[in-house]
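Peer 1: no sequence for this one, just the structure:
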Ligand code: WQD
């Protein structure tokens with residue numbers, strides 16, 4: 001079994017995926033520039049899976065370093081490409097940072113990898129490419145709307161780049177995985193989400209409020225056209241998400257894909273409101289959460305959740321962990337990192 005490159009493999013979803021890859025016997029090499037992670041994650045991965053993945057600390061924006069890397073690693077059979085900037089709000093403030101970091105790096109990777117004999121590529125994409133959907137649940141044929149943020153645009157452009165390269169390169173086979181809202185942590189609490197600075201996303205803000213790092217959670221609007229007035233999302237446990245990556249990669253390695261570029265939505269198929277998420281956290285943690293209703297956040301879509309039939313039927317994958325499982329695991333993780 002050849003080596004698998006995981007870019008951003010010390011990040012939130014990347015680290016959980018490296019664990020699942022190693023649990024399945026894959027040999028993994030990670031490239032991470034540590035801009036949004038820390039070396040301690042490598043220890044967590046090693047402690048859980050009993051194996052320390054190879055790790056190279058450099059920035060994929062450096063084209064020469066990318067070329068040198070592939071010169072040294074001719075035995076790579078697959079790439080799972082997580083490394084990217086992913087804060088929606090920040091991308092509005094710093095668009096060039098996002099286009100350089102999320103697009104140039106993808107181009108440099110493909111320039112080197114597309115000519116490899118076994119060129120199997122998994123792209124980390126997002127439901128954000130759908131924008132505000134016309135119908136729910138969202139399936140993979142839903143129209144791609146004009147991006148609401150530069151971050152979302154980099155995911156749309158990334159998929160188009162890969163699709164076009166697959167058309168002209170007989171070796172390259174790719175799958176784009178469109179995540180809904182990844183949450184949770186590994187049950188061992190040895191790896192989890194490590195937001196740097198004030199968390200942008202709901203669930204880390206919930207746990208940091210409960211642990212006392214934040215005073216109060218603001219619920220961004222309760223006057224939306226939803227049952228309880230708050231926005232609806234499809235919160236998927238990061239371990240379920242990680243397992244889907246291993247299944248998708250195996251599909252490519254075993255040449256079971258129907259075409260050389262496929263897209264799959266990865267969600268639970270269940271829509272949960274912000275207040276549902278808060279209630280789930282309170283149930284799972286036994287903590288009462290301090291929150292208030294605040295103004296709407298610009299750019300929020302009202303409701304998104306996945307039609308998971310394609311991933312269920314064609315990948316043979318379905319999410320197994322519940323919202324409460326995710327809240328229990330992320331609370332255990334928050335308590336652990338707040339102690340250390
Ligand atoms: C979820 C809900 C907020 C914080 C984004 C990206 C997506 C993916 C996940 C990278 C919304 C509400 C949040 C808070 C709140 N990112 N909220 N108070 O915006 O659905 O998705 O992150 O892959 O691509 O678009 O996630 O967690 O920020 O928000 O009320 O302090 O929680 O309004 O309704 P989002 P989120």
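Peer 2: Yep, it's here. Only a predicted model underlies this, so the values are computations on that prediction, with no experimental measurement involved. Numbering: from 1, shown residues only.

Peer 1: tell me which residues of the lowest-mean-pLDDT helix or strand in the chain come out buried.
Peer 2: Least confident helix or strand of the chain, by mean pLDDT, DSSP states H and E, is helix 88-93 with a mean of 91. Of the residues in helix 88-93, 88, 90, 91 count as buried by neighbour count, 16 or more other C-beta atoms under 10 Å. Heads up, the C-betas are built off the backbone N, CA and C, glycines and all.

Peer 1: and what of stretch 207-223?
Peer 2: For stretch 207-223, by 16+ other C-beta under 10 Å, it's 207, 208, 209, 210, 211, 214, 217, 219, 220, 221, 222.

Peer 1: same question, stretch 271-283
Peer 2: Across stretch 271-283, burial judged by 16+ other C-beta under 10 Å covers 271, 272, 273, 274, 275, 276, 277, 278, 279, 280, 281.

Peer 1: now the third one. Nearest residue, chain neighbours left out?
Peer 2: What it means is residue 273. Residue nearest to residue 273 in three dimensions, not counting chain neighbours: residue 230, with 4.5 Å by C-beta to C-beta, 6 or more residues apart in numbering.

Peer 1: chain center to stretch 217-229: distance?
Peer 2: 25 Å (C-alpha atoms, centre = their mean, to the nearest Å).

Peer 1: how about that stretch, does it reach the ligand?
Peer 2: Yes - Stretch 217-229 comes into contact with the ligand (C-beta under 6 Å from any ligand atom), by way of 217, 218, 219, 220.

Peer 1: re earlier: per-residue pLDDT, the residue nearest to residue 273?
Peer 2: According to the prediction, residue 230 has pLDDT 98.

Peer 1: give the contact list for it.
Peer 2: Applying C-beta atoms under 8 Å, 6 or more residues apart in numbering, we find residue 230 in contact with 219, 221, 222, 224, 273, 274, 275.

Peer 1: repeat that for 6 Å
Peer 2: 219, 222, 273, 274, 275 (C-beta atoms under 6 Å, 6 or more residues apart in numbering).

Peer 1: what residues go with each domain of the chain?
Peer 2: As given by automatic domain parsing, the domain ranges for the chain are 3-183+236-266, 202-233+269-332.

Peer 1: highest mean neighbour count out of these?
Peer 2: domain 3-183+236-266 (a mean of 19; mean count of other C-beta atoms under 10 Å).

Peer 1: quick one: terminal-to-terminal distance for that domain?
Peer 2: Terminal residues of domain 3-183+236-266 are spaced 25 Å apart (C-alpha to C-alpha, to the nearest Å).

Peer 1: look at the nearest residue to residue 7 once chain neighbours are set aside and give its secondary structure.
Peer 2: Counting by C-beta to C-beta, 6+ apart, residue 7 lies nearest to residue 83, which is 3.8 Å off, once chain neighbours are set aside. Secondary structure, DSSP: H, G, I helix; E, B strand; the rest coil: residue 83 is coil.

Peer 1: quick check, residue 83 in contact with residue 8.
Peer 2: Yes - with contacts counted by C-beta atoms under 6 Å, residue 83 reaches residue 8, the gap being 3.4 Å.

Peer 1: tell me the pLDDT at the closest residue to residue 138 other than its chain neighbours?
Peer 2: Distances taken as C-beta to C-beta, 6+ apart place residue 130 nearest to residue 138, at 5.4 Å, with adjacent residues excluded. Per-residue pLDDT puts residue 130 at 95.

Peer 1: is the helix or strand where residue 337 lies anywhere near the ligand?
Peer 2: Assigned by DSSP states H and E, residue 337 belongs to helix 323-339. No - using C-beta under 6 Å from any ligand atom, helix 323-339 stays clear of the ligand, coming no nearer than 12.2 Å.

Peer 1: does anything pack onto that helix? Which helices or strands?
Peer 2: helix 202-211, helix 274-285 (3 or more C-beta pairs under 6 Å, 6 or more residues apart in numbering; DSSP states H and E).

Peer 1: for this structure, what lies in contact range of the ligand?
Peer 2: Residues of the chain lying near the ligand by C-beta under 6 Å from any ligand atom: 86, 88, 126, 128, 179, 181, 200-202, 205, 217-220, 231, 233, 274, 297, 300.

Peer 1: filter the residues you listed down to just the ones in strands.
Peer 2: 126, 179, 181, 217, 218, 219, 220, 233 (DSSP state E).

Peer 1: measure the nearest residue to residue 308 once chain neighbours are set aside to residue 231 for me?
Peer 2: Counting by C-beta to C-beta, 6+ apart, residue 308 lies nearest to residue 269, which is 4.3 Å off, once chain neighbours are set aside. According to C-beta to C-beta, to the nearest Å, residue 269 stands 17 Å off from residue 231.

Peer 1: quick one: contacts for residue 173?
Peer 2: Here residue 173 is in contact with 120, 252, 257, 260 (criterion: C-beta under 6 Å, 6+ apart).

Peer 1: let's have those in CSV, adding pLDDT and secondary structure.
Peer 2: Output for the contacts of residue 173, formatted as CSV (pLDDT from 0 to 100; DSSP: H, G, I helix; E, B strand; the rest coil):
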residue, pLDDT, secondary structure
120, 97, strand
252, 96, helix
257, 87, coil
260, 93, coil
